[in-house]
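Participant: Below is the sequence, then the predicted model.
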Amino acid sequence: MEWIKFTEQLPPYNGTEILIAMRNKNMGDEGIWLYDVCYYVGGDITDNNNWEGKNNWETPLYWTYINEPKKNY
């Protein structure tokens, strides 16, 4: 999985399911990582109305496409 910074590239907003990573703001740089599987619908990434399926209210920092796991046999 290759993580992409939101500051470098926005995710597609065509209904593509992505995984986003964000930190708990209450803890600063030491905050725990939070993840959501969601769709970006365009606009300001910090506005939760611009997401479908986003449960956390934190600001997204990274995103990646979701790939199926590889089989180990």
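Facilitator: Sure thing, it's come through. Numbering: from 1, shown residues only.
Participant: Look up the residues forming beta bridges with the most centrally placed residue in the chain.
Facilitator: Nearest to the geometric centre of the chain sits residue 20, at 1.5 Å (C-alpha atoms, centre = their mean). Per DSSP bridges, residues listed as beta-bridge partners of residue 20: residue 36, residue 63.
Participant: Distance of it relative to residue 71?
Facilitator: 26 Å (C-beta to C-beta, to the nearest Å). From N, CA and C alone the C-beta is placed, and that goes for glycine too.
Participant: quick revisit: give the contact list for the residue nearest to the centre of the chain.
Facilitator: By C-beta atoms under 8 Å, 6 or more residues apart in numbering, the contact list for residue 20 reads 11, 35-36, 38, 54, 60, 62-63.
Participant: Nearest to residue 5 among those?
Facilitator: residue 62 (5.8 Å; C-beta to C-beta).
Participant: Residue 42 touches residue 50, doesn't it?
Facilitator: Yes - assessed by C-beta atoms under 8 Å, residue 42 is found in contact with residue 50 at 6.3 Å.
Participant: what about these two, which has more around it?
Facilitator: residue 50 (15 against 12; other C-beta atoms under 10 Å).
Participant: Wait, the more buried one touches residue 43, no?
Facilitator: Yes - if you go by C-beta under 8 Å, residue 50 and residue 43 touch, sitting 4.1 Å apart.
Participant: in terms of contact, does residue 10 touch residue 41 like I think?
Facilitator: No - Residue 10 is beyond contact range of residue 41, at 11.5 Å (criterion: C-beta under 8 Å).
Participant: all strands for the chain, in order.
Facilitator: Under the criterion DSSP state E, the chain carries strands at the ranges 4-5, 17-23, 33-40, 51-52, 62-65.
Participant: which helices and strands sit right next to the first one?
Facilitator: For strand 4-5, the elements it packs on are strand 62-65, judged by 3 or more C-beta pairs under 8 Å, 6 or more residues apart in numbering; DSSP states H and E.
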